[in-house]
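Asks: Below is the sequence, then the predicted model.
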Amino acid sequence: MRIGFIGLGIMGKPMAKNLIKAGHELIVYDLAKSGVEELETAGAVAASSAKEASKGVEVVITMLPNSPHVKEAVCGPNGVLEGAGEGVVLIDMSSIAPGASQEISAACKAKGVKMLDAPVSGGEPKAIDGTLSIMVGGDRESFEKLKCPVLEKMGASVVLCGESGAGNTTKLVNQIIVACNIAAVAEAFTLAVKTGVDPSVVFDAIKGGLAGSTVMNAKLPMMLAQNFKPGFKIDLHIKDLNNAIEAGKASGSPLPLAETALNMLQELHDSGFGQEDHSALARYYESISGVKIKG
Ligand code: NAD
């Protein structure tokens with residue numbers, strides 16, 4: 001299959017490489033040259049715009065930071081909709097606001113292009129291994145057609161969650177749970193330190209019980225090592241929680257815990273930690289308690 005791929009950052013690069021390994025022909029574009037050059041070396045053809053990457057292809061994939069970037073690359077001048085022919089399917093794999101997904105999908109529909117929103121979870125290691133979790137919104141026909149040849153070449157779990165925007169809503173649900181879970185871990189282990197109980201021992205004692213979680217298993221060791229190298233950056237999580245709050249307002253769903261976690265992450269951003277891993281929520285608790293969670 002000929003596939004246009006736009007957005008070759010941390011996630012887009014390995015995802016595009018996996019599609020080449022699966023035998024697809026890729027035409028790639030990014031504003032930054034370095035990603036394009038790396039993909040050319042891996043066998044892709046470089047395009048000079050999103051429009052050019054969308055000409056003569058069956059599928060266009062976008063993997064960009066947020067809603068404005070996707071709107072610009074798809075609907076803007078020299079964008080996907082100027083290049084893509086009727087019947088092309090756009091798969092936007094960026095994590096963006098569900099409302100923005102629906103707007104872009106409507107703009108695509110007006111040009112005879114179908115769109116799936118298909119954000120991912122799992123981060124760079126799973127993007128490299130091709131084992132991402134992919135949550136999809138859009139029409140079942142496009143989903144069934146592209147699930148096996150395209151989406152399953154990048155992901156181990158590929159689930160159709162509903163109509164347009166449902167993939168991004170699912171991603172926001174995921175991001176709220178992750179942020180609140182990390183904050184809860186940082187808060188609870190700060191109490192352990194303050195009361196003089198070894199946090200590593202507390203971890204051993206509770207990880208097999210109801211409080212145990214994938215988040216705690218992945219993020220508490222980072223806190224204990226005071227290692228906040230990303231992983232998933234605080235600034236990206238701020239973007240996702242802002243999108244969650246926008247979706248909450250639009251749907252009338254109150255999100256008091258997400259708002260609290262967002263305020264903590266925003267304080268960390270303002271203190272210069274926006275590029276650190278979201279496990280650096282431990283730093284927020286250090287700033288208000290005066291103790292570090294250390295193993
Ligand atoms: P990134 O910043 O590394 O890459 C984004 C790329 O998009 C950059 O190379 C940038 O040059 C390019 N770009 C921006 N605007 C463009 C435009 N108009 N046209 C062409 N290229 C453009 O971001 P990332 O970490 O790869 O994340 C991409 C998306 O995946 C985000 O929505 C993020 O929230 C989501 N995500 C990231 C992770 C992670 O661990 N990094 C995990 C899951 C989901």
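Replies: Happy to help now that I have it. Residues are numbered from 1 along each chain as shown.
Asks: Please make it C-alpha for all contacts and neighbour counts, starting now.
Replies: Fine.
Asks: The stretch 51-200 of the chain against the ligand: which residues are in contact?
Replies: 63-66, 69, 72-73, 94-95, 120-124 (Cα under 6 Å from any ligand atom).
Asks: Can you give me the domain boundaries for this protein?
Replies: 2-163, 169-289 (automatic domain parsing).
Asks: most packed of those?
Replies: domain 2-163 (a mean of 21; mean count of other Cα atoms under 10 Å).
Asks: which stretch of helix or strand covers the closest residue to residue 253 other than its chain neighbours?
Replies: Distances taken as Cα to Cα, 6 or more residues apart in numbering place residue 247 nearest to residue 253, at 8.0 Å, with adjacent residues excluded. Element membership for residue 247, per DSSP states H and E: helix 234-251.
Asks: Any idea how far that helix is from the middle of the chain?
Replies: 12 Å (Cα atoms, centre = their mean, to the nearest Å).
Asks: Remind me what that helix packs against, helices and strands.
Replies: Judged by 3 or more Cα pairs under 8 Å, 6 or more residues apart in numbering; DSSP states H and E, the packing partners of helix 234-251 are helix 166-194, helix 256-270.
Asks: Which residues does that helix contact?
Replies: 66, 95-99, 169, 172-173, 175-176, 179, 253-255, 258-259, 262, 265-266, 268-269, 273-278, 280 (Cα atoms under 8 Å, 6 or more residues apart in numbering).
Asks: how near is residue 125 to residue 13?
Replies: Residue 125 is 12 Å from residue 13, where distance means Cα to Cα, to the nearest Å.
Asks: mind giving me CSV with the helices and strands packed on helix 234-251 and columns for mean pLDDT?
Replies: As requested, the helices and strands packed on helix 234-251 are exported to CSV (pLDDT from 0 to 100):
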stretch, mean pLDDT
helix 166-194, 98
helix 256-270, 98
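Asks: Using the three-state scheme, assign the residue lying closest to residue 121 once chain neighbours are set aside.
Replies: Closest residue to residue 121 in three dimensions, ignoring its sequence neighbours and counting by Cα to Cα, 6+ apart: residue 133, at 5.2 Å. Using DSSP: H, G, I helix; E, B strand; the rest coil, the structure places residue 133 in strand.
Asks: check contacts around residue 133.
Replies: Going by Cα under 8 Å, 6+ apart, the list of residues near residue 133 reads 120-122, 155-158.
Asks: Please repeat the previous calculation with a cut-off of 6 Å.
Replies: Contacts for residue 133 (Cα atoms under 6 Å, 6 or more residues apart in numbering) come out as 120-121, 155, 157.
Asks: What's opposite it in the beta bridge?
Replies: With DSSP bridges applied, residue 133 shows beta-bridge pairing to residue 121, residue 157.
Asks: Report pLDDT for the residue in the stretch 151-295 of the chain positioned nearest to the ligand.
Replies: For the stretch 151-295 of the chain, the residue closest to the ligand is residue 232, as judged by Cα to the nearest ligand atom, at 4.5 Å. With respect to pLDDT, residue 232 has a value of 90.
Asks: Is the closest residue to it other than its chain neighbours bridged to anything, and to what?
Replies: Spatially, and ignoring its direct neighbours in sequence, residue 232 is nearest to residue 277 (5.2 Å; Cα to Cα, 6+ apart). Beta-bridge pairing for residue 277 (DSSP bridges): residue 233.
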